[in-house]
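**Student:** Need the 3D shape of this:
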Amino acid sequence: MTTSTLPLDFPVPTRRTNQVYVATSDADLAKVRSLWEQVYKEELGWLDEHNTDPRNDRYHTASVYLLATDEAGEPVGVMRMIVDSECGLPVDTFIDISELRASAQGALVECARLMVPARYRDQKFAAYPHGIFAALVKAALHECLKQKNYNVLANCFLDTPTTPIKALLQMGFRDLNIRFRDELNEASDCTVLHLDIKDMLSIFYRTQNGLGNYIMRNAG
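**Tutor:** Model (predicted):
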């Protein structure tokens, strides 16, 4: 008979595979940082080496990081959700959102830093049948419903190959048609999209298509 040499209360390590989850540990945040470096620093040149650690960002304490992993537990996508607080939201730097803030149901949420490395974009996987982008949007929707925050903002570039504007508009976001340049090293103007989650729910309930059914599954 063999016996374990581990203490009875020794935590059994687990590896989160093929799922989107909220990143909270130092190991998780290191994966977030690796994606920021791969996509926004190395591929797109939007961040320098001093701005790729989420823990050094002024909005870190108000942020929820959604991390997608593959079958080996390696990161394949990330989205940051900043919940409105005394720090405000990143978009406050560029536009006046006081009316949106006053009318919001729950806290305003700004979705940002949505990244999927180039080798995983526009691909479908068993764990992500509509792609990693859709899986991150689904996780964000469910997180907002869980926290009862029903109004979401997204700051998007207008003229870049990776802009998600078209997909987000199809999901119920509305373009506020405010043009500005943000702090990233990119020539394209930006706009802000606004979503009342009830509009997204209405679209998906009405259309009953594969993507809608996928995103709505287990919602609420």
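
**Student:** Could you use CA atoms for every contact and neighbour count after this?
**Tutor:** OK.

**Student:** dump the residue contacts of the most centrally placed residue in the chain.
**Tutor:** The centroid of the chain falls nearest to Met79 when counting by CA atoms, centre = their mean (2.2 Å). The contact partners of Met79, by CA atoms under 8 Å, 6 or more residues apart in numbering, come to 65-67, 111-115, 136.

**Student:** residues in contact with Leu193?
**Tutor:** Leu193 touches 153-156, 173-176, counting by CA under 8 Å, 6+ apart.

**Student:** Let me see the ranges of the strands in the protein.
**Tutor:** Taking DSSP state E, the strands of the chain run over residues 20-23, 63-69, 75-83, 108-115, 151-157, 174-175, 190-196.

**Student:** give me the number of residues near the nearest residue to Gly45 once chain neighbours are set aside?
**Tutor:** Closest residue in space to Gly45, ignoring its immediate chain neighbours: Asn185 at 6.8 Å, by CA to CA, 6 or more residues apart in numbering. Neighbourhood size, Asn185 [other CA atoms under 10 Å]: 14.

**Student:** Asn185 contacts Leu47, correct?
**Tutor:** Yes. Counting by CA atoms under 8 Å, Leu47 is a contact partner of Asn185 at 7.1 Å.

**Student:** Just the CA atoms of the lengthiest helix in the chain, as CSV, please.
**Tutor:** Secondary structure of the chain per DSSP state H: the longest helix is helix 132-147. Below are the C-alpha coordinates for helix 132-147, written out as CSV (Å, rounded to 0.1, in the frame of the first residue of the first chain):
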residue,chain,number,x,y,z
ILE,A,132,-13.0,33.1,-29.3
PHE,A,133,-14.4,36.6,-29.9
ALA,A,134,-17.9,35.3,-29.5
ALA,A,135,-16.9,33.4,-26.4
LEU,A,136,-15.5,36.5,-24.8
VAL,A,137,-18.6,38.5,-25.7
LYS,A,138,-20.8,35.8,-24.2
ALA,A,139,-18.7,35.8,-21.0
ALA,A,140,-19.0,39.6,-20.7
LEU,A,141,-22.7,39.5,-21.2
HIS,A,142,-23.2,36.9,-18.5
GLU,A,143,-20.9,38.8,-16.1
CYS,A,144,-22.9,42.0,-16.6
LEU,A,145,-26.2,40.2,-16.0
LYS,A,146,-24.7,38.6,-12.9
GLN,A,147,-23.7,41.9,-11.5
